[in-house]
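Participant: sequence and predicted structure are below.
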Amino acid sequence: MLKYTLAIAALLTTPPLYAQEKNFIDMPYLEVAGSADSLVTPDEIFIKINISEKDTRDKISLEEQEAALYRSLKGIGIDTDKELRVHDMASVYKTYLLKSTAVIKSREYVLKVYDSPMAGKVFAELEKLNVANANIMGVGHSSMGEIRNALRTRAVLNARTRAVALTQPLNQVVGPAIYLEDVEQYGTPPGYARRTEDRLANTYYEVSADKPVDIDFAKIQVSAQVKAKFALK
């Protein structure tokens, strides 16, 4: 009988969970947002290259074009085993009126380089090889994760600075953070990819075999945003 009495007493003296949550919601707090951003120079540039067999008498086979491409890229210091990857391969069958069938093969590669001068050299080599179908597929940075984390730290500090600025006139003190939310942002900033393509389009046709094009890539804008709630004392 004593066990049951103790159990009932414990239930009566323990605050219900919903009451604890209500106390947390009712405590004075301040909600603010913080942000930080930075511009970084791309150190990863991805170039899409497409070569194909032409359906002509003097056509150069895909294998010959591929060998020439590898030789040319190695000649300017690119490790093709590491940086050149086959992205897609296709064969197109064309049937003629004489019922003969020709097979036209094409292959698409993705090449990674690490700065704009090397990208310019690549396009100059492609010009020598008469490869007309190539463009910038995208850009990135090898340390993007570390950069984003550093910006998150700055964003949290920015949020606390704003909280202090808001509460000083009220003679209140900002306490510890009771809620933090990392507001994720995906993709490149609006207009960035388009600007890159436009810039390449304006310079690509000026490439010559003797003078590599100077491709000037816009910097990548990286940002971080947080939402924070600070207790008020």
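Facilitator: Thanks, I have the structure now. This is a predicted model, so every value here is computed, not measured.

Participant: could you pull out the strands for this structure?
Facilitator: For the chain, the strands defined by DSSP state E occupy 29-40, 44-52, 84-95, 101-113, 134-140, 174-183, 220-232.

Participant: the last one relative to strand 174-183, how many degrees between them?
Facilitator: So that's strand 220-232. Strand 220-232 runs at 140 degrees relative to strand 174-183, counting by axes from the mean of the first three to the mean of the last three Cα atoms, to 10 degrees.

Participant: quick one: mean pLDDT over strand 220-232.
Facilitator: For strand 220-232, mean pLDDT rounds to 94.

Participant: from now on call the first residue 40
Facilitator: Taking 40 as the first residue, the last one we looked at is strand 259-271.

Participant: quickly, which of the strands of the chain bottoms out on average pLDDT?
Facilitator: Looking at those, the lowest mean pLDDT belongs to strand 123-134 (a mean of 69).

Participant: dump the strands of the chain to TSV, plus distance to R201 and mean neighbour count.
Facilitator: C-beta coordinates here come from the backbone N, C-alpha and C atoms, glycine included. Output for the strands of the chain, formatted as TSV (distance: least, Cβ to Cβ, whole Å; neighbours: other Cβ atoms under 10 Å):
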stretch	distance to R201	mean neighbour count
strand 68-79	5	16
strand 83-91	34	19
strand 123-134	46	12
strand 140-152	40	16
strand 173-179	31	17
strand 213-222	10	14
strand 259-271	9	19
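
Participant: export those to a markdown table and tack on distance to R110?
Facilitator: Output for those, formatted as a markdown table (distance: least, Cβ to Cβ, whole Å):
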| stretch | distance to R110 |
| --- | --- |
| strand 68-79 | 34 |
| strand 83-91 | 13 |
| strand 123-134 | 12 |
| strand 140-152 | 14 |
| strand 173-179 | 17 |
| strand 213-222 | 48 |
| strand 259-271 | 33 |
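
Participant: could you point out the longest helix in this protein?
Facilitator: If you go by DSSP state H, the chain has its longest helix at helix 183-206.

Participant: does R187 touch A263 like I think?
Facilitator: Yes: here R187 reaches A263: they are 6.0 Å apart, a contact under Cβ atoms under 8 Å.
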